[in-house]
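Enquirer: heads up, no residue letters with this:
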C-alpha cells in the first residue's frame, strides 16, 4: 500500500451539530443573496441548535470558492462577527475546491490539538453570483484591441494543465472503466429517484434550515441581511430533485461528441450554505452528531481527477486499520455519474451502501458547501440505522481526492 498522501487521525474530536440551507437551483430564490449572508444564517443556526453560546467559539473557519460579492475577502471574518462570535476570535478562509467542506473539518480538528476548544466551520457558495470577469484590463482598453470578458462559472470548469474541462475528465474515466452511456444514465436515474424518495420521506428535514428575508444586526456596525428573489416565499427544501426516467435522460445530448456525460447525469448547479460546530467529544454536554476519526487527502492525475476518492478512501482505511466491510455507509460526491461509478468499480463498493439517499446529481453541488452536506447526511444515516462507521469523500478539480472517517457516538453493538 502506497503511503502517498496526507493522513491525519484525531482523538476526542466531535461534530456537535451541523445544518444547511436548502440547495436551490441557479437563478432561483437565493440567486441574489451574498454567500456571506447565507453563511451567517447557518452559522447562527448551528450555534442555536447546539445550545452553544457564540462567545464560547475559539475559532472561525469558512470557505467559499467564487468571489461572489465585492466584500468576498471578508467572508470568514464577517460570518464570525455576525454569527455572534467574540470580536477577539480570529477567522480563517479555507479552500480545497470541492473538498473545502472536508478541509474545514480537518483544520478544525487540527486546531483542537492546541488551544482551541470549539470551532465554527461554515461553507457557503453562490453559483448564481459567479461573476462575468476580465483579468487583463486593469491598464485600460487599447483602441481596436480585444475586449475580453468571460463567464467565471463556465471557465472555472476548465483545467488548462491537461487542456480538459471537468466533464471530459469524467468521460476519460468512462472509457478507462468501460462505462456505457446507458450505465451512466441508469446511475443518474437512480440518484434522482433515491433523492426524491428521501425528500418525500423527510430524510433531510433535520439538517435543513428554512431561509427567509432576514436582517442580521451587529451592535456598532452596519446591518446585513437576506433578501430573497422577488415573489419568493421562505425556502424550505431542496429545489432540484424531480421525477425523471431513462428515456428522458437518453434524449439529452452528450457534452462531448465521443463522451457519455450530459447535463442530466452531471451534478446540478445550485446555491447553498452549511455549517458545523466542532469541539472536544469529552466536553460535549449533549449527544454529538458524530465523532471525527480521521482524514486522508491524495493527489491524482488531473485528466482523471474524478477517481480521487478511491485512493483517498484506500489510504484512510489502510492507516485506520479498517476494511471496506467495516463501513456502514459511503457518501461520495456525485460530480458526474461516470466519475462516481468509476470510483465504485475501482473499490468494488456495494451499491446498497453508497449514496443511498441520492447525491449531487439530484441535489446539486454548491462547491465549498458540499463536503459539510455529505458529512451531516452521512452522520444522520449512521445514527438512524445504528451503524458505526461511515466515510464521506469527494474528487477535487486539478486532481485530488479527500475522504473523512466518522463514527456514530450512539452506536450499540
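Expert: Sure thing, it's come through. Predicted, not measured: the structure shown is a model, and the values here were computed from it. Numbering: from 1, shown residues only.

Enquirer: for this protein, which helix is longest?
Expert: The residue-count maximum for a helix in the chain (DSSP state H) belongs to helix 181-200.

Enquirer: show me what the very next helix or strand once past it is packed up against.
Expert: With elements assigned by DSSP states H and E, the helix or strand that comes after helix 181-200 is strand 214-216. Counting contacts by 3 or more CB pairs under 8 Å, 6 or more residues apart in numbering; DSSP states H and E, strand 214-216 packs against helix 35-50, strand 224-226. Just so you know, the C-beta spots here come from the backbone N, C-alpha and C atoms, and that holds for glycine as well.

Enquirer: so what does the residue of the chain most remote from its centre have for phi and psi?
Expert: For the chain, the C-alpha farthest from the mean C-alpha position belongs to residue 143; by CA atoms, centre = their mean, that distance is 44.4 Å. The phi/psi pair for residue 143 (degrees, to the nearest 10) reads phi -60, psi 120.

Enquirer: quick one: contacts for it?
Expert: Residue 143 makes no contacts at all, as judged by CB atoms under 8 Å, 6 or more residues apart in numbering.

Enquirer: change the start of the numbering to 322 and stick with it
Expert: Right, with 322 as the first residue, what we last looked at is residue 464.

Enquirer: any idea how far it lies from residue 437?
Expert: 56 Å (CB to CB, to the nearest Å).

Enquirer: residue 728 touches residue 611, doesn't it?
Expert: Yes. Counting by CB atoms under 8 Å, residue 611 is a contact partner of residue 728 at 6.7 Å.

Enquirer: what is in contact with these two at once?
Expert: With CB under 8 Å, 6+ apart, residue 728 and residue 611 have common neighbours 703, 711.

Enquirer: quick one, which of those two is more surrounded?
Expert: residue 611 (29 against 20; other CB atoms under 10 Å).

Enquirer: so what pLDDT did that one get?
Expert: Here the pLDDT value assigned to residue 611 is 98.

Enquirer: ditto for residue 703
Expert: At residue 703, pLDDT is 98.

Enquirer: got a markdown table for the helices and strands packed on strand 535-537, with mean pLDDT and distance to residue 576 too?
Expert: Conversion of those to a markdown table gives the following (pLDDT from 0 to 100; distance: least, CB to CB, whole Å):
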| stretch | mean pLDDT | distance to residue 576 |
| --- | --- | --- |
| helix 356-371 | 98 | 27 |
| strand 545-547 | 97 | 34 |
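
Enquirer: all helices for the stretch 372-521 of the chain, in order.
Expert: Assigned by DSSP state H, counting those that start in this stretch, the helices in the stretch 372-521 of the chain fall at 396-403, 421-432, 473-476, 487-497, 502-521.

Enquirer: how about residue 665: what's its closest non-neighbour residue?
Expert: residue 675 (6.1 Å; CB to CB, 6 or more residues apart in numbering).

Enquirer: so which of the helices of the stretch 372-521 of the chain is the most packed in?
Expert: When the helices of the stretch 372-521 of the chain are scored by mean count of other CB atoms under 10 Å, the highest mean neighbour count falls to helix 421-432 (a mean of 26).

Enquirer: what does that one rub up against?
Expert: Residues from elsewhere that reach helix 421-432, judged by CB under 8 Å, 6+ apart: 329, 331, 334, 336, 379-380, 382-386, 413, 415-417, 437, 440, 442-444, 595, 597, 599, 613, 616, 618, 688-696, 713, 715, 723-725.

Enquirer: could you tell me which of these count as buried?
Expert: By neighbour count, with 16 or more other CB atoms under 10 Å, these hold 329, 331, 334, 336, 379-380, 382-386, 413, 415, 417, 437, 440, 442-444, 595, 597, 599, 613, 616, 618, 688-696, 713, 715, 723-725 as buried.
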